[in-house]
Each structure stands twice: as structure tokens, then as C-alpha cells.
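Undergrad: mind looking at a prediction? Sequence and model below.
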Amino acid sequence: MSIYSLPPLVSAVLFFLFGVFVWARNKKSAANQSFALACLTTFCWQISWAFLFSHQTHQFALPLVKIGYSFIIFIPPTLYHFFADYLKASQERKFVIAAYLFSGIMLLFLWASPFFIVHYYSFFWGFYPKAGPLHWIYLLALLAQVIRVYFLLQKDLKTTRSPRRKNQSRYLIAALMAYTFAASDFLVNYGTEFYPMGFIAILVTLGLIAYAIARFHLLDIELVIKRTLVFTGLFGVIIGVVTGVTTIAQSIVGRYFGFSEMVVRILSVLVAMVLFDPVRKFLVRITDRYLFQKKEDVRIILNRLSQNIITILDMAKVGTTILETLKDSLRLVSGVILIQSADGKTYEVMDSFGIQKGHDQFSKDGLFIRHFLEADKVLNLEDPEQKESLPAVIRGSLELWGAVICIPLFIHHELIGLLMLGKKKSDQDFSEEEINCFPAVAGQVAIALSNARLYETLKKSQIDFAQQAKMAAIGTLSAGISHEIKNPLNHIRVGAAMLKLNRKHGVYKDYNKEQFEEEVFPLLDTIEENVMRANSVIERLAGFAKKPKEIRVEPVDIRKVLETGLSFLENEFRQHNIHIERNFTPNIPVLQADRYMLEDVFLNLLVNARHAIEQDGKISIEGNVRGDELIIAIRDSGKGILKENLEKIFDPFFTTKDVTRNTDKNVIRGSGLGLFIVRECIQRMGGRIEVESEVGKGTSFFVIFPSRTWIK
């Protein structure tokens, strides 16, 4: 074999292996298939030239020349075919077919006439084809196809929004230009005697495409290098193990146990076979985690994120869960969530991972936040155009965080935060599919953060809301409270006035001691009794209106709590002709609960029952034990609740009462917090609440406490 045949031989082998790798990665992909076909034609061209340069016999020269050119003729249409498939340009299909037909005609002229290749030259390195008169037509067709592909790639570069796609197209343009330089070999077809160097150009082409595959996942390939690394490492480990075991076995085992060299080698192979699979899995795991991104369906990532955060209402946990989910799914190096402060003036770090430095907070009026307020879109610093268009202040802040993706989080046109993601551990760019899914991620994250913040606000203010509801109820029931206090005060006033009047008219001056005591002491007893009665009302009112600082669990008689609420409503019920029925079974247990919280619960339910009945009705209060549950039922004969509203009545801020600015003093207003607070209070005490209603017949609320909340 001639030394001049080695360069095309090496080139042929590399193109063959590369083509097989690309085809094996995705056998069904049209782009992979056409690329493999282009590699195959290049391989056949180069291997033919390797044989041509190594032969010195003239009888084989012309057949080898024609065989080599048979594949050279089809290189332009196969490359054109590949670029059309890569660009998914269906409109190019007819031109691709025309290119193949033209190459077929050229092939016919090659073998049937001397007009394409006339003969061959004999140079110092070997034989080479001699161009005929039709060769110029082939060169013009080749030039037309190259120019066409070049403009298609430039168009794709301008229209695509994906940074990765842009980079892929850039490298393909560079590869196309490098491959075009191989056309310098055509000068030799016209008698220019210099060694053809086209193999160098096509090896540069191969290198550019290989880099585009490794760096930017051209043709969706990421396992070519991954498998190479895995099995290269595996091969090295296995060889090391075999060598080590063989050496140890030959020097120690063989010496002391007298095993033959063949037995030692068999043992070495067995050890290698046992270690092969564990080592393979270990290397795959390491490369997956630190070198390469394990590709997942974006829908799976979205579903996982949704499932992980949908039920979390704890503000601290929801931020951590969001970042952990994205970190594990996308293999991220770092991530940060900025959240709007309670006063809305700043944006502060809510949670983060993998960052070492950065701003603690950003002002709402600052340039950084204003940029995202004005531009509601995902920012991708992997896109050179986006990166260069950013003001230096914003770019510097993001780079300080190590962020390459910045996702604004909007709720109702309000920027509630920013989600910033760092680069991947594999140093791979975010795919177009991932970039396109980030708006959906932003929606999920924004809703989760908004819900958590609302819940946190409600949770912190639950006692305040309950207190406001209670005081509002007291205001509504002021007539009943006034009645409760005025009655004993009237008795006191009348008794005192009678004593003063009798003394003024000398009624007592002729009484002896016994007569005086008999006349005066009953009045004093009445006064004392009514003082105690008024004091009791005031104490109950003060205790009821008192805002507890924290939950205080104590033994509670549920019937006494209900009677406390009923006492405040007594006059209200009487004015609207509402009859109260009580029906308690004898075995009602004592609860371990917060008395004030239970008062809030039942006052809200009784007030709602009263509001459900405009005039003339009945409220039934029942208490009984069924199995291991205590059930308190409050039923009213009011207008009932619409079926579509039943599932909403416990939602915060949902109300069917008047929320307008109606000036009618008698209108019943609502905040939508009463039943929400009721449910939260009951759940905090270990119980639950259920509701049944029928429009026109009334509503029943069931407060249920399991046996674990009883005092036994």
C-alpha cells in the first residue's frame, strides 16, 4: 500500500464510523438517514481513491476511477437531501428529487460514454480521473446546490428563536463551507499536478459536525460521546482489573497453588465479567449526573412540578419544592426565586441553591425589576442576541447569580416574583422544547406562590378575621345584648327608687326592726340578684369579645358553648319569629378543645342560620354520638344553597350575601370569610364540617369531632 493512500483511507474509515453512529442513534429519523447516506457516499469516494492511489497497474485504473466517481456524483444530492431534512423544508423535496435524477443521468454518461470522464492521469502519487466536456455541467449543478443550501441555512438562522438551533445552523454553514473547499481537488481533473488535499477539508467538516453534535445536540444526538466515555472508562477499568488480577495471580496464586497460566487467565476473565455490569452502571450514573443531561419529556417535568406543588400551601416549603423539582429534572447547577415583599416595594430572595453571592433584594422602582415588569417574557442568556441587547446592569446582576434563564412570574398582570435558573451540570444548552415550556412553568409557579402567600396571610390573620367576624356579630345582635343588660338594670332602678320613695314618705318610721327587714330585704335581694345577672352578662360579653393570643385546649361542654351563642341571639330570634329546638342525647362527651374557638364556630353557624330565614322559621340544634363520632347538627328552614355553590361556600372571600355599597341599613352583608374560618378552626381542633342543602327547604351544617378529641 502506498503512503499516498493512507490519508483517504483514514478519512474513509472515520466517515464510515461516524455515519453508522448517527444512523444508529435514531434509525427512523429522516435527517439521520440522509446524513448517514452522505457519509456513505463520502466513504466510498475516499476508499476508492485509497485503492486508486495504491495501485500501479493501468488495467485497474479506469474501472477504479469510474467506481470512485460513481459516488462523487451522488455526494451533492445526498448532502442537499440531508440539509432539507434537517431544515424540515418539505418544499425542497422536488429539488432534491431533481438533484438525484440529474446525478443518475451523470452516472449514465460516466459509464456509457467518454464525455464525463475521458481517461485518467498518471501522477507521482498515482492515477487520477481526467475530466470530459460534460464535467463542467456537473460542477455547475454542484455549485447551484451548495448556494441553495447556504441560503436555506441563512434563512433558518434569521427566523429561528432557539439559541441551540441558531448554533447548530452556524456550525452546519461552517461545515458546508469546509466541505466546499474539497472542490479544489477538481483542479487535478484538469491536469494540475498537486496531491489532492480534499480529505483535509472533509475531515474539518467532520470535526465541525461532531462538535455541533457534542455541544448543541445536532440531530438530537447526545449519546454518541456519552457511550464513548462510558465504555472507554469501562474498557480501561476492565483492562486494569484483568492486568492486576493476572499479575497477582501469576505472582502469588500460581506460585503457591501451582495453577497453570491458562487457569489464571480464565479466572481473570471471570472476574472481569462479574465486574462488568456494576462498573458500567456506575459510569453511566456518573456521566448522567455530572457530564450529560438525561433528556426527559417536558410534559413529564411539568406534571411532576404540578403534582409536587399543587397541594403545598406552606410558603417556605413551596419555594424549596419548586427549586428541588427543577434541579432534579433539568440537572441544574443553581437556582433562585425572588418574591415580592409584603409591602410590594422590594423583591427579596425566597429560596435558592448553588449560589455563592448576589443581591439580597431589588427595589420595585429599580432598573432590574422594571425591565421584567415591562417585558413579560422568558430571558435566555444562552442566546447571544438576547444577552447583548440587555443593559449592563441587568446582565451583570444575572451573571452575579450565575443565572442563564430568568422567568418572570405574573399573577393578574402583577409581577409577584422571578425564577432564575443557572446552567446545567452537563454544560449543555437548554433545548428549544424546554425554553417553550418555561411560560407554562411560570404559570404553575406563580399560582403556587400566590396561593401559598394568600394562605399564609389568612393563617396569620385567622384570629383577627375571627375576631372581626365575632365583633360584627355582636354589633348585629346589639339589640339582644341591650335587652340582656337593660332588664336587670330596670329591676335595680325600680327597687332602689321604691326604697327611696318609701323613706321619703315616712313609710318605715313606724316599722319595728322585723317589719323593716321584711319590707326592705326582698327589694335588696332583687337588686342584688339583678346586679349579679347584669354582671354575668357583662362577663360573658367580655369573655366572648376577648381575643385569645393562642389556642388553649381545655375540657369543653359543647352544650354550654351552644347556649352561650344562643343567649346572644335570643332577642334576634324573637324579633324574627324564629323558633329554636334543642335535641341532645344524654351521652354527649366532653371535648378537649379551645372554648373561644368553638364559640366562634357556633356563633357563625347560628348567625348564618338566622340570615337564611327572613321571617318565621325554625332552627334545630341536635347533638348525638354515632359510633366514634360526635355530630352537632345545626339545621335551618331557610331558602337553602344552590347546588353549584355548595362546593364554594368554604372558599375564602366567597359569599352569596351583599358585597355592594347598598345604603340599605337592613341589608345583610358578607365578607366571605365566615365559613372559611369555621372550617379552619374545626380542622385545627381535629374535627371536620359537612353541609347538606336543598333550595327552598333549608340547610344543615354538621360539625363532627372524632373520639380522639373527647375526654374519656
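TA: Done, it's in.
Undergrad: only C-alpha atoms from now on, for both contacts and neighbour counts.
TA: OK.
Undergrad: put the alpha carbons of stretch 53-67 into PDB.
TA: Output of stretch 53-67 as PDB, limited to C-alpha atoms (Å, rounded to 0.1, in the frame of the first residue of the first chain):
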ATOM      1  CA  PHE A  53      -3.500   5.600  -5.200                       C
ATOM      2  CA  SER A  54      -2.200   2.300  -4.000                       C
ATOM      3  CA  HIS A  55      -2.300   0.500  -7.400                       C
ATOM      4  CA  GLN A  56       0.300   1.000 -10.200                       C
ATOM      5  CA  THR A  57      -1.400  -1.300 -12.800                       C
ATOM      6  CA  HIS A  58      -3.100   0.600 -15.600                       C
ATOM      7  CA  GLN A  59      -5.700  -2.100 -16.300                       C
ATOM      8  CA  PHE A  60      -7.400  -1.300 -12.900                       C
ATOM      9  CA  ALA A  61      -7.100   2.400 -13.200                       C
ATOM     10  CA  LEU A  62     -10.100   3.300 -15.300                       C
ATOM     11  CA  PRO A  63     -12.600   1.000 -13.500                       C
ATOM     12  CA  LEU A  64     -11.400   2.400 -10.100                       C
ATOM     13  CA  VAL A  65     -11.800   5.900 -11.400                       C
ATOM     14  CA  LYS A  66     -15.300   5.300 -12.600                       C
ATOM     15  CA  ILE A  67     -16.300   3.500  -9.400                       C
END
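Undergrad: check which residues of it are buried.
TA: Neighbour counts over stretch 53-67 (16 or more other CA atoms under 10 Å) mark Phe53, Ser54, His55, Ala61, Leu62, Leu64, Val65, Lys66, Ile67 as buried.
Undergrad: for those, which one is nearest Glu599?
TA: Taking CA to CA as the measure, Glu599 sits nearest to Ile67 out of those, at 98.5 Å.
Undergrad: what's near enough to touch that closest one?
TA: Contact analysis of Ile67 by CA atoms under 8 Å, 6 or more residues apart in numbering lists Ser48.
Undergrad: that one and Thr41: what is the separation?
TA: Here the criterion is CA to CA, to the nearest Å. By it, Ile67 lies 11 Å from Thr41.
Undergrad: for the buried residues of stretch 53-67, give me JSON lines that also has pLDDT and distance to Gly506.
TA: Output for these, formatted as JSON lines (pLDDT from 0 to 100; distance: CA to CA, whole Å):
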{"residue": "Phe53", "pLDDT": "89", "distance to Gly506": "152"}
{"residue": "Ser54", "pLDDT": "86", "distance to Gly506": "153"}
{"residue": "His55", "pLDDT": "79", "distance to Gly506": "156"}
{"residue": "Ala61", "pLDDT": "90", "distance to Gly506": "157"}
{"residue": "Leu62", "pLDDT": "91", "distance to Gly506": "156"}
{"residue": "Leu64", "pLDDT": "90", "distance to Gly506": "152"}
{"residue": "Val65", "pLDDT": "92", "distance to Gly506": "152"}
{"residue": "Lys66", "pLDDT": "93", "distance to Gly506": "151"}
{"residue": "Ile67", "pLDDT": "93", "distance to Gly506": "148"}
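Undergrad: out of those residues, which two sit at the greatest distance?
TA: Using CA to CA, the two most remote members of the buried residues of stretch 53-67 are Ser54 and Lys66, lying 16.0 Å apart.
Undergrad: between the two ends of stretch 416-430, what distance do you get?
TA: 25 Å.
Undergrad: who touches it?
TA: Contacts to stretch 416-430, defined as CA under 8 Å, 6+ apart, come from residues 164, 215-216, 289-293, 330-340, 347, 382, 401-410, 442, 446, 450.
Undergrad: of the residues you listed, buried ones?
TA: 164, 215-216, 291-293, 330-340, 347, 382, 401-410, 442, 446, 450.
Undergrad: can you point out the buried residues in stretch 431-446?
TA: For stretch 431-446, burial by neighbour count (16+ other CA under 10 Å) applies to Ser431, Glu434, Ile435, Phe438, Pro439, Val441, Ala442, Gln444, Val445, Ala446.
Undergrad: just read off the phi/psi values of the first one.
TA: By that I understand Ser431. Dihedral angles of Ser431 (phi, psi; degrees, to the nearest 10) stand at phi -70, psi 160.
Undergrad: residue contacts, it?
TA: Under the criterion of CA under 8 Å, 6+ apart, the contact list for Ser431 reads Ser162, Arg164.
Undergrad: domains of this structure?
TA: Residue ranges for each domain of the chain read 3-221, 225-291, 298-455, 461-547, 552-712, as given by automatic domain parsing.
Undergrad: would you single out the least confident of the ones you listed?
TA: Least confidently modelled of these is domain 225-291, at a mean of 56 by mean pLDDT.
Undergrad: any idea what Ile631 is bridged to?
TA: Taking DSSP bridges, one obtains Asn624, Ile704 as the residues bridged to Ile631.
Undergrad: what number of residues lie near it?
TA: 21 (other CA atoms under 10 Å).
Undergrad: ok, now how distant is it from Ala38?
TA: Ile631 sits 79 Å away from Ala38, taking CA to CA as the criterion.
Undergrad: cool, Leu381 as well?
TA: With distances defined as CA to CA, the gap from Leu381 to Ala38 amounts to 35 Å.
Undergrad: out of those two, which sits in the busier spot?
TA: Comparing Leu381 with Ala38 by neighbour count (other CA under 10 Å), the higher total belongs to Ala38, at 24 against 20.
Undergrad: which strand or helix spans the more buried one?
TA: Element membership for Ala38 (DSSP states H and E) is helix 30-54.
Undergrad: that helix packs against which elements?
TA: Contacts of helix 30-54 with other secondary structure elements, assessed using 3 or more CA pairs under 8 Å, 6 or more residues apart in numbering; DSSP states H and E, are made with helix 6-25, helix 58-72, helix 75-86, strand 127-131.
Undergrad: tabulate these (a markdown table), appending distance to Leu603.
TA: Formatted as a markdown table, the entries for those read as follows, by distance: least, CA to CA, whole Å:
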| stretch | distance to Leu603 |
| --- | --- |
| helix 6-25 | 70 |
| helix 58-72 | 92 |
| helix 75-86 | 71 |
| strand 127-131 | 103 |
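Undergrad: and of the ones you listed, who's closest to Gln145?
TA: Taking CA to CA as the criterion, Gln145 comes closest to helix 75-86 out of these, the separation being 6.7 Å.
Undergrad: pull the CA atoms of that closest one into PDB?
TA: Taking Å, rounded to 0.1, in the frame of the first residue of the first chain, the C-alpha atoms of helix 75-86 are listed here in PDB:
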ATOM      1  CA  ILE A  75     -22.400  13.400  -2.800                       C
ATOM      2  CA  PRO A  76     -24.100  16.800  -3.700                       C
ATOM      3  CA  PRO A  77     -27.700  15.300  -3.800                       C
ATOM      4  CA  THR A  78     -27.200  13.300  -0.500                       C
ATOM      5  CA  LEU A  79     -25.900  16.500   1.200                       C
ATOM      6  CA  TYR A  80     -28.700  18.500  -0.200                       C
ATOM      7  CA  HIS A  81     -31.100  15.800   1.000                       C
ATOM      8  CA  PHE A  82     -29.600  15.900   4.500                       C
ATOM      9  CA  PHE A  83     -29.900  19.700   4.800                       C
ATOM     10  CA  ALA A  84     -33.500  19.700   3.500                       C
ATOM     11  CA  ASP A  85     -34.400  17.000   6.200                       C
ATOM     12  CA  TYR A  86     -32.600  19.000   8.900                       C
END
